[in-house]
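S.K.: Sequence first, predicted model second:
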Amino acid sequence: MTPAEDPQPRRVLLLAHTGRGVARDVARSFAKALTTHGLVVRVLAEEAVELGLEADVDAVEVVTEGDASAGCELVVVVGGDGTILRAAEITHDSGAPVLGINLGHVGFLAEAEYDDLESTIDAVVRRRYTAEDRLTLDVSVHLDGEVVTRTWALNEASVEKASRERMLEVVVEVDGRPLSRWGCDGVVCATPTGSTAYNFSAGGPIVWPGVEALLMVPISAHALFARPLVVAPTSVLAVEVLARTDGAGVLWCDGRRTVDLPPGARIEVRRGAQPVRLVRLHQAPFTDRLVAKFGLPVEGWRGSAERRRGLAEDPSWETEEPRGAGPHA
């Protein structure tokens with residue numbers, strides 16, 4: 001095979017929470033293992049220095065953040081959900097799938113734990129993983145009829161009061177129709193992926209990632225009707241900061257990008273044109289993830305054991321009519 005016929009090397013972008021020693025150790029181990037298997041590891045310039053990888057020019061590509069994920073088959077993130085949200089921001093345009101290795105407390109966005117490092121490396125090397133698209137939000141800020149900012153979010157776009165002393169006065173709208181006026185601390189517009197993040201803390205529902213929907217949750221609203229809403233993914237949500245009030249607001253997207261909202265500002269939220277791709281190594285049900293991440297009590301549940309025992313005794317057990325449900329019940 002001539003050099004011109006050589007296949008392109010496989011590239012993996014490696015991002016880490018370099019402020020934590022354990023994250024640096026895991027990232028270095030991951031980089032060493034992948035380069036040993038012939039993969040090219042790409043790191044950001046500032047992280048390469050902190051990881052001690054800047055001198056290993058044969059095995060590591062050092063790049064700037066602007067085009068970091070271009071040409072990468074995968075982005076491996078070592079850290080918590082905050083670091084994964086940073087990775088989602090970097091990969092938003094390229095669409096490179098993101099694999100999170102959790103070093104945080106809950107880590108709903110992460111797929112692997114750091115004590116499963118060897119199996120995770122093997123899955124990357126052998127391409128034993130899948131990627132699933134996660135719904136995002138496109139967010140626009142309007143002032144005096146003009147669009148002044150466009151941004152996006154994976155978890156949520158939250159409109160919050162800028163001053164602790166003043167309540168935020170807003171009118172919310174769904175699909176061009178006003179719904180209610182709230183005096184509140186803020187309003188969260190979230191995706192199913194973000195339903196276990198700020199939305200959860202604000203009292204919103206947990207929505208399975210496979211559900212396509214948009215969520216709106218008021219924060220500490222002083223109103224008779226102030227309930228969490230789940231609307232169609234084709235809907236457009238809007239929050240208007242009332243013009244005749246002294247209270248200003250601030251827009252937070254995934255806790256990373258902010259926009260000041262003066263009185264009269266209007267925020268529109270709709271389904272994002274570009275999803276974020278998250279890597280899955282296991283096909284475990286989301287229910288199991290909830291139980292594991294939140295430590296939910298499930299002792300005493302016998303469903304699986306009963307099904308296994310019934311099938312062992314009679315293969316047609318699951319298709320039989322339940323006792324008491326027949327015509328003579």
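M.R.: Looks like it arrived, so ask away.

S.K.: and His222, that's in a strand?
M.R.: No - under DSSP: H, G, I helix; E, B strand; the rest coil, His222 falls outside any strand and is assigned coil.

S.K.: Skip the chain neighbours and tell me the closest residue to it.
M.R.: Gly183 (4.5 Å; Cβ to Cβ, 6 or more residues apart in numbering). Where you see a C-beta, it was placed from the backbone N, CA and C, and this is true even at glycine.

S.K.: what's around that neighbour, how many residues?
M.R.: 19 (other Cβ atoms under 10 Å).

S.K.: and the helix or strand hosting it, C-alpha only, in CSV?
M.R.: Using DSSP states H and E, Gly183 sits within strand 177-184. C-alpha atoms of strand 177-184 as CSV (Å, rounded to 0.1, in the frame of the first residue of the first chain):
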residue,chain,number,x,y,z
ARG,A,177,-50.7,32.6,22.5
PRO,A,178,-50.3,34.1,26.0
LEU,A,179,-50.6,31.5,28.8
SER,A,180,-50.1,33.4,32.1
ARG,A,181,-48.3,36.2,33.9
TRP,A,182,-46.0,35.3,36.7
GLY,A,183,-44.1,37.2,39.4
CYS,A,184,-41.3,34.7,39.9
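
S.K.: Which helix or strand lies directly C-terminal to it?
M.R.: strand 186-190.

S.K.: Distance from the chain centre to that following strand, please.
M.R.: 15 Å (Cα atoms, centre = their mean, to the nearest Å).

S.K.: and if you look at stretch 221-229?
M.R.: Counting by Cα atoms, centre = their mean, stretch 221-229 comes out at 26 Å from the chain centroid.

S.K.: before we move on, what SS does Glu165 have?
M.R.: coil.

S.K.: sorry, back to before: can you tell me the average pLDDT over the strand holding Gly183?
M.R.: Strand 177-184 shows a mean pLDDT of 96.

S.K.: Pull out the buried positions in that strand.
M.R.: Ser180, Trp182, Gly183, Cys184 (16 or more other Cβ atoms under 10 Å).

S.K.: ok so, going back, show me what the residue nearest to His222 bridges to in the sheet.
M.R.: Per DSSP bridges, the residues bridged to Gly183 are Glu169.

S.K.: Pull up the gap between it and Leu143, please.
M.R.: Distance, Gly183 to Leu143, using Cβ to Cβ, to the nearest Å: 21 Å.

S.K.: I'd like to know how many residues surround Thr258.
M.R.: 12.

S.K.: In contact with it, which residues?
M.R.: Val250, Leu251, Trp252 (Cβ atoms under 8 Å, 6 or more residues apart in numbering).

S.K.: Strands - which of those residues land there?
M.R.: Taking DSSP state E, the ones among the contacts of Thr258 that sit in strands are Val250, Leu251, Trp252.

S.K.: Closest to His17 out of those?
M.R.: Of all the ones in strands among the contacts of Thr258, Trp252 has the smallest distance to His17: 20.2 Å, by Cβ to Cβ.

S.K.: What separation do you get for the closest residue to that closest one other than its chain neighbours and Leu85?
M.R.: Excluding the flanking residues, the one nearest Trp252 by Cβ to Cβ, 6+ apart is Ser158, at 4.9 Å. As for Ser158, its distance to Leu85 is 14 Å (criterion: Cβ to Cβ).

S.K.: Those two: which is more packed in?
M.R.: Legend: neighbour count by other Cβ under 10 Å for Ser158 and Leu85, higher for Ser158 (27 against 24).

S.K.: surely that one meets Val188?
M.R.: Yes - shown here, Ser158 and Val188 form a contact pair, counting by Cβ atoms under 8 Å, at 4.6 Å.

S.K.: quick one: common contacting residues for the two?
M.R.: Tyr198, Ile219.

S.K.: how about the contacts of Thr258 in JSON lines, adding pLDDT and distance to Val276?
M.R.: Shown next, in JSON lines, are these (pLDDT from 0 to 100; distance: Cβ to Cβ, whole Å):
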{"residue": "Val250", "pLDDT": "97", "distance to Val276": "23"}
{"residue": "Leu251", "pLDDT": "98", "distance to Val276": "19"}
{"residue": "Trp252", "pLDDT": "98", "distance to Val276": "18"}
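
S.K.: Quickly list what Glu268 is bridged to.
M.R.: Bridge pairing for Glu268 - DSSP bridges - gives Ser140, Ala238.

S.K.: wait, doesn't it sit right on Leu237?
M.R.: Yes - if you go by Cβ under 8 Å, Glu268 and Leu237 touch, sitting 7.3 Å apart.

S.K.: Give me the more crowded residue out of the two.
M.R.: Leu237 (23 against 19).

S.K.: Please list the residues outside the strand holding Gly183 that contact it.
M.R.: Contacts for strand 177-184 (Cβ under 8 Å, 6+ apart): 161, 167-173, 218-223, 225-226, 229, 242.

S.K.: Over to stretch 16-35?
M.R.: Here stretch 16-35 has contacts from 12, 14, 41, 43, 47, 50-53, 56, 59-60, 76-80, 82-83, 101, 103, 114, 117, 121, 124-125, using Cβ under 8 Å, 6+ apart.

S.K.: before we move on, the earlier item: between the buried residues of strand 177-184, which sits nearest Gly300?
M.R.: So of these, ranked by how close each gets to Gly300 (Cβ to Cβ), first place is Cys184, at 40.0 Å.
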